[in-house]
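> Okay, predicted coordinates and the sequence, questions at the end:
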Amino acid sequence: MRMFDIIAKKRDGGTLSREELAFAVNGFVAGEIPDYQMSALLMAIYLRGMTHQETAQLTDLMARSGDMVDLSAIQGVKVDKHSTGGVGDKTTLIIAPLAAACGVRIAKMSGRGLGHTGGTVDKIESVPGTRTDLSRQEFFDQVNRLGLAVIGQSGNLAPADKKIYALRDVTATISCVPLIASSIMSKKLAAGSDCILLDVKTGTGAFMKTLEGSLELAQAMVEIGRHNGRKVAALITDMDIPLGRAVGNSLEVAECVQVLRGQGPKDLTDLCLRLAGEMLALAGQGSPEACLEKARAALRDGSALRKMIEMFGAQGGDTSVLEDPSRFVLSPCRREIQAREEGFITAMDTEKVGIASVILGAGRLKKEDAIDYGAGILIHKKTGEAVRAGESLATFYTSDPALLAEAEEVYRSALTFGPKPPKLPPMVQARVTEAGVERF
Ligand code: URA
């Protein structure tokens, strides 16, 4: 077999066999296939696409390029969730305790933030002392004992994805549905859970900016699950408006506590209940509607909040900040961003809101950048809300006052004002399962 022929076949619109895909992926990981040939194949895939079967086989090969985590030491149904990323997206820290409080096992490996979107591991580490580097045995023991653990990705998980992603990043082949779907799902298959719930974001703050694009990505990932023996469902959810009102690590964890106390923003609370209900349904606990009720009960009776605190405590965190979020140390330099005009916010460029928080120190532009956990933005006025001139639109937090001006300029450029409130998109726009697409 020759890589040249595989590239030519895909260039001409052919369908690659498992053997051909294995030759390309395994050869590339082993260093036998050079970057330029893999780049050519990626561009051919970008231009010609892949069938669902090809995408599923590519994903399986990428997953098997490294460790396949065996979760069989954990009793019960293991459910994972993945969000395609957004601004203010702190759902994992709410949904995982909600689902665990209802009896599902969450053995979750999460990532760090990069670019304008945040990452769960950074949020977790903003609670002083919390470890995200548990050993495999500690991880399994904690999930068996408490029902949940959320840690950083460890070991050699889908190394083919790491190598291929690095090439895609510099060859203009990122925004390609089969390549995004196989990249995300290879890590999920390797992480070992039985069921996977996907939160596919759509809108200005998301990877996929349109509903149709998000549906295509969700369908590709559900199909990958089906071909590889995992139960997968996806909700397509709005990311045209930041989720909740907090953007930045400590600010977001404090908001998670608010939600679990029943005092959080409605958009975030409703979305988390829907996602938790879907996770329970995937795990076989009943219909999505019945499971939504179970999730609501776990929020109302405080059992989900207790689970969250137990999890942080078990991972070494200082739970006093969760018992009383006013104890979080926020960055000392603050600025109110005051409205210069009166009217309604008619749109927010959510990606720019994320960029403003990164400028303040809440995220990183390069992998090596340090995070200022107490930095970020508390949003007081969101899309659809009325504003009077002089009112505060948002409070900025940073440790470096020199960053405030640039962040303010970016934030203001994200906002559009008008005389009338806009029609808001529904938070959950569609559900994608093996049975098909349901639009809401
Ligand atoms: N997230 C991933 O893990 N991979 C992609 O290709 C895009 C988003």
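Noted; the coordinates are in hand.
> wouldn't residue 95 be in contact with residue 81 here?
Yes - between residue 95 and residue 81 there is a contact under Cβ atoms under 8 Å: 6.2 Å. All C-beta spots, glycine's among them, are computed from the backbone N, C-alpha and C.
> Between those two, which is the more surrounded one?
Each of residue 95 and residue 81 has its neighbours counted (other Cβ atoms under 10 Å); residue 95 has more, 29 against 25.
> In contact with that one, which residues?
For residue 95, the contact set (Cβ atoms under 8 Å, 6 or more residues apart in numbering) comprises 81, 272, 275-276, 279.
> for residue 84, same thing?
Residue 84 sits in contact with 184, 198-201, 206-208, 214, 217, where contact means Cβ under 8 Å, 6+ apart.
> 10 Å instead?
Contact analysis of residue 84 by Cβ atoms under 10 Å, 6 or more residues apart in numbering lists 117, 180, 184, 198-202, 206-208, 214, 217-218, 221, 234, 236-237, 239.
> repeat for residue 317
Counting by Cβ under 10 Å, 6+ apart, residue 317 has contacts 124-131, 253, 309, 311.
> Can you give me the end-to-end span of stretch 61-69?
Start and end residues of stretch 61-69 are separated by 15 Å (Cα to Cα, to the nearest Å).
> Report the mean confidence score over it.
Averaged across stretch 61-69, pLDDT comes to 95.
> what residues does this protein put near the ligand?
165, 180, 183-184, 207 (Cβ under 6 Å from any ligand atom).
> how distant is stretch 373-380 from the center of its chain?
19 Å (Cα atoms, centre = their mean, to the nearest Å).
> For it, measure first residue to last.
Terminal residues of stretch 373-380 are spaced 20 Å apart (Cα to Cα).
> tally of neighbours for the closest residue to residue 269 other than its chain neighbours?
Take residue 269 and drop its neighbours on the chain: the residue closest to it by Cβ to Cβ, 6 or more residues apart in numbering is residue 259, 5.1 Å away. By the criterion of other Cβ under 10 Å, residue 259 has 27 neighbours.
> before we move on, the earlier item: which residues are in contact with both of residue 95 and residue 81?
Shared contacts of residue 95 and residue 81, defined by Cβ under 10 Å, 6+ apart, comprise 106, 108, 197, 199, 275-276, 278-279.
> quick one: the helices in the stretch 201-350 of the chain?
211-227, 249-260, 266-282, 288-300, 303-314, 320-323, 350-360 (DSSP state H, counting those that start in this stretch).
> List the residues that contact the residue of the chain found nearest the ligand.
Among the residues of the chain, residue 183 lies nearest to the ligand; the distance is 3.4 Å by Cβ to the nearest ligand atom. By Cβ under 10 Å, 6+ apart, the residues touching residue 183 are 58-59, 62, 158, 160-162, 164-165, 168, 174, 176.
> Residue 29 too?
Under the criterion of Cβ under 10 Å, 6+ apart, the neighbours of residue 29 are 38, 61-62, 65-66, 158-164.
> Please name the nearest non-neighbouring residue to the residue positioned nearest the centre of the chain.
The chain has residue 83 as the residue nearest its centroid, 2.9 Å off, counting by Cα atoms, centre = their mean. Distances taken as Cβ to Cβ, 6+ apart place residue 199 nearest to residue 83, at 4.1 Å, with adjacent residues excluded.
> Need the per-residue pLDDT for that neighbour.
96.
> What confidence value was assigned to residue 114?
Residue 114 carries a pLDDT value of 69.
> so what's residue 87 closest to, chain neighbours aside?
residue 354 (3.9 Å).
> could you list every residue that touches that neighbour?
Residue 354 neighbours (Cβ under 10 Å, 6+ apart): 85-89, 113, 115-118, 204-205, 239, 242, 247, 362-363, 377, 410, 414.
> Taking those residues, please make a ChimeraX selection of just the buried ones.
Buried subset of the contacts of residue 354, written as a ChimeraX selection, criterion 16 or more other Cβ atoms under 10 Å:
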select :85,86,87,88,89,113,116,117,118,204,205,239,242,247,362,363,377,410,414
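> Sitting in strands, which of the contacts of residue 354 do you find?
Using DSSP state E, the subset of the contacts of residue 354 located in strands is 247, 377.
> Return the subset of the contacts of residue 354 lying in helices.
410, 414 (DSSP state H).
> what kind of secondary structure is the residue of the chain closest to the ligand in?
Three-state call for residue 183 (DSSP: H, G, I helix; E, B strand; the rest coil): helix.
> any idea how far it lies from residue 157?
Taking Cβ to Cβ, to the nearest Å as the measure, residue 183 falls 12 Å from residue 157.
> Could you do residue 203 as well?
29 Å.
> what does residue 292 give?
Counting by Cβ to Cβ, the gap from residue 292 to residue 157 is 32 Å.
> swap in residue 254?
30 Å.
> Give me the distance between the closest residue in space to residue 275 that isn't next to it in sequence and residue 102.
Once flanking residues are discounted, residue 275 sits nearest to residue 95: 5.1 Å by Cβ to Cβ, 6+ apart. Residue 95 is 11 Å from residue 102, where distance means Cβ to Cβ.
> hey, what's in contact with both of those two?
276-277, 279, 295, 304.
> in this protein, which segments are predicted with low confidence?
The model of the chain has pLDDT under 70 over residues 114.
> got a list of what the residue lying farthest from the centre of it touches?
In the chain, counting by Cα atoms, centre = their mean, residue 1 sits farthest out from the average C-alpha position, at 38.3 Å. Residue 1 sits next to 17, 19-20, 22-24, 27 when contact means Cβ under 10 Å, 6+ apart.
> Ok, residue 310 next?
Each residue near residue 310 by Cβ under 10 Å, 6+ apart is listed here: 97, 100-101, 142, 145-148, 319.
> Kindly recompute the last result at 7 Å.
The contact partners of residue 310, by Cβ atoms under 7 Å, 6 or more residues apart in numbering, come to residue 146.
> And residue 375, by the same measure?
248, 331, 360-362, 397-399.
> Show me the two of those residues that sit farthest apart.
The most widely separated members of these, counting by Cβ to Cβ, are 248 and 399 (11.7 Å).
> neighbour count winner among these two?
In this view residue 248 and residue 399 are compared by other Cβ under 10 Å, and residue 248 has more residues nearby, 33 against 15.
> surely residue 204 meets residue 350?
Yes - Residue 204 is within contact range of residue 350, at 4.7 Å (criterion: Cβ atoms under 7 Å).
> which residues do the two both contact?
residue 240.
> For the residue nearest to residue 157 when sequence neighbours are not counted, grab the count of nearby residues.
Spatial nearest neighbour of residue 157, chain neighbours left out: residue 190 (4.9 Å); criterion: Cβ to Cβ, 6+ apart. The local packing of residue 190 (other Cβ under 10 Å) involves 25 other residues.
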